[in-house]
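Chemist: sequence plus the predicted model coming up.
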Amino acid sequence: PIPPAPPFAELPVTDVSLLIRDPYAVYAKRVLGLRPLAPLRPQPDAALRGMTLHAIVEALLKTNPDAATPPEALRATFLRITAQVLADQVPWPSARAFWQARMERIADRIVADELARLAEGRPQVVEERGRLALPGMDFRLTAKPDRIDLLHDGRAVIYDYKSGAPPTDKQIASLDKQLVLEAAMARRGGFDKIGPADVAAIRYIQLGGEGRTHERDYSPQLEQENWDGFLRLIRSYLSGEAGFTAFRAPELIRYEGDYAHLSRFGEWSLADDTQPEKVGDHG
């Protein structure tokens with residue numbers, strides 16, 4: 001196959017893992033602007049569940065709780081918001097009942113951990129976009145973090161809400177670069193509300209399972225190594241050295257992307273060599 005190698009100027013941090021796994025999908029999505037069609041019969045699927053649960057915790061933060069808020073009061077607020085958001089966004093009674101029951105089951109854990117977080121610091125960035133220009137390149141990395149808290153000592157904690165299982169340290173090391181690159185952006189002033197800030201930790205808040213908060217391995221050295229690797233990756237695409245190869249490094253052998261049919265997968269196999277070909281304004 002001959003993957004295209006066009007120039008592109010911006011990428012959201014959520015698509016970095018996609019660029020690693022399936023570069024052709026980034027080409028189709030971000031360069032050509034193609035999106036899958038919405039289903040004719042919408043269903044209460046994983047994507048809707050994720051968006052709904054994110055809306056619940058975002059609305060909870062907008063009530064401005066603090067570390068002194070009584071747990072029973074915060075729990076009642078959490079469940080009231082859950083019921084309201086589900087009523088507004090989920091038109092399937094069975095799904096509403098199931099998701100409400102799930103949130104009731106983890107409410108005590110969510111509330112206890114939230115009060116602990118508020119004792120450490122305060123949320124400063126909640127679903128607000130940041131941007132960072134890459135040095136020496138006409139390119140920007142963007143991000144819309146679920147949440148960044150500033151601790152009392154001025155350091156930042158990067159949070160991401162997960163409706164499913166959060167990535168492991170091994171997955172973060174190989175593919176899932178979102179939080180470590182958001183940490184790199186925070187350190188380099190990519191978020192206006194906090195300015196340049198040292199980072200204390202990266203954590204996932206699981207809105208499912210037991211509702212636990214999961215901390216992942218993090219250090220300034222690890223962040224720097226990932227940032228340097230990201231710069232090399234983007235430079236290789238901007239120079240035309242790398243092309244947008246389909247299924248370059250799928251995490252699962254049976255991985256199927258939204259754009260596999262456009263890449264004409266099936267007329268070639270993962271064992272075939274690729275031949276990047278410059279298009280666009282490479283000259």
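Modeler: It's in.
Chemist: measure stretch 116-130 end to end?
Modeler: 26 Å (Cα to Cα, to the nearest Å).
Chemist: only the buried residues of it, if you could.
Modeler: Neighbour counts over stretch 116-130 (16 or more other Cβ atoms under 10 Å) mark Arg117, Leu118, Glu120, Gly121, Pro123, Val125, Val126, Gly130 as buried. For the C-beta atoms, the positions are set from N, CA and C on the backbone; glycine is no exception.
Chemist: widest-spaced pair of these?
Modeler: Leu118 and Gly130 (22.5 Å; Cβ to Cβ).
Chemist: list the contacts of the spatially closest residue to Val13 that is not a sequence neighbour.
Modeler: Residue nearest to Val13 in three dimensions, not counting chain neighbours: Ala143, with 4.2 Å by Cβ to Cβ, 6 or more residues apart in numbering. By Cβ atoms under 8 Å, 6 or more residues apart in numbering, the residues touching Ala143 are Pro12, Val13, Thr14, Arg129, Gly130, Arg131, Gln178, Leu181, Glu182, Met185, Gly190, Phe191.
Chemist: for the third one, give me the pLDDT.
Modeler: Think Thr14. In this model, Thr14 is scored at 95, pLDDT.
Chemist: tell me the secondary structure at it.
Modeler: helix (DSSP: H, G, I helix; E, B strand; the rest coil).
Chemist: what about it, neighbour count?
Modeler: 16 (other Cβ atoms under 10 Å).
Chemist: hang on, it packs against Gln178?
Modeler: Yes. The pair Thr14 and Gln178 qualifies as a contact (Cβ atoms under 8 Å) at a distance of 5.9 Å.
Chemist: what is the lengthiest helix in the chain packed up against?
Modeler: Taking DSSP state H as the criterion, the chain has its longest helix at helix 93-120. Other elements packing on helix 93-120 under the criterion 3 or more Cβ pairs under 8 Å, 6 or more residues apart in numbering; DSSP states H and E are helix 46-61, helix 71-89, strand 147-151.
Chemist: so of those, which one's packed in deepest?
Modeler: strand 147-151 (a mean of 21; mean count of other Cβ atoms under 10 Å).
Chemist: sheet partners, orientation included, of whatever helix or strand comes next after that one?
Modeler: The element immediately downstream of strand 147-151 (helix or strand, assigned by DSSP states H and E) is strand 156-162. Partners of strand 156-162 in the sheet, by DSSP bridges, are strand 147-151 (antiparallel), strand 199-206 (parallel).
Chemist: what residues of the next helix-or-strand element following strand 156-162 count as buried?
Modeler: Next helix or strand after strand 156-162 toward the C-terminus (DSSP H and E): helix 169-174. Buried residues in helix 169-174, counting neighbours by 16+ other Cβ under 10 Å, are found at Ile172, Ala173.
Chemist: send the alpha carbons of helix 169-174 over as PDB?
Modeler: Coordinates of the C-alpha atoms in helix 169-174 are reproduced here as PDB (Å, rounded to 0.1, in the frame of the first residue of the first chain):
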ATOM      1  CA  ASP A 169       1.100   1.800  33.100                       C
ATOM      2  CA  LYS A 170       2.200  -0.500  30.300                       C
ATOM      3  CA  GLN A 171      -0.500   0.800  27.900                       C
ATOM      4  CA  ILE A 172       0.500   4.400  28.800                       C
ATOM      5  CA  ALA A 173       4.200   3.600  28.000                       C
ATOM      6  CA  SER A 174       3.300   2.200  24.600                       C
END
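Chemist: from the contacts of Ala143, keep the buried residues only.
Modeler: Pro12, Val13, Thr14, Gly130, Gln178, Leu181, Glu182, Met185, Gly190, Phe191.
Chemist: now, the residues you listed that are in strands?
Modeler: Pro12, Gly130 (DSSP state E).
Chemist: and the buried ones among the contacts of Ala143, which is closest to Thr63?
Modeler: Phe191 (22.6 Å).
Chemist: wait, the closest one touches Val125, no?
Modeler: Yes. If you go by Cβ under 8 Å, Phe191 and Val125 touch, sitting 5.2 Å apart.
Chemist: overlap in contacts of these two?
Modeler: Contact with both Phe191 and Val125 is made by residues Pro145, Ile148, according to Cβ under 8 Å, 6+ apart.
Chemist: can you give me the helices for the stretch 151-283 of the chain?
Modeler: 169-174, 178-187, 220-238 (DSSP state H, counting those that start in this stretch).
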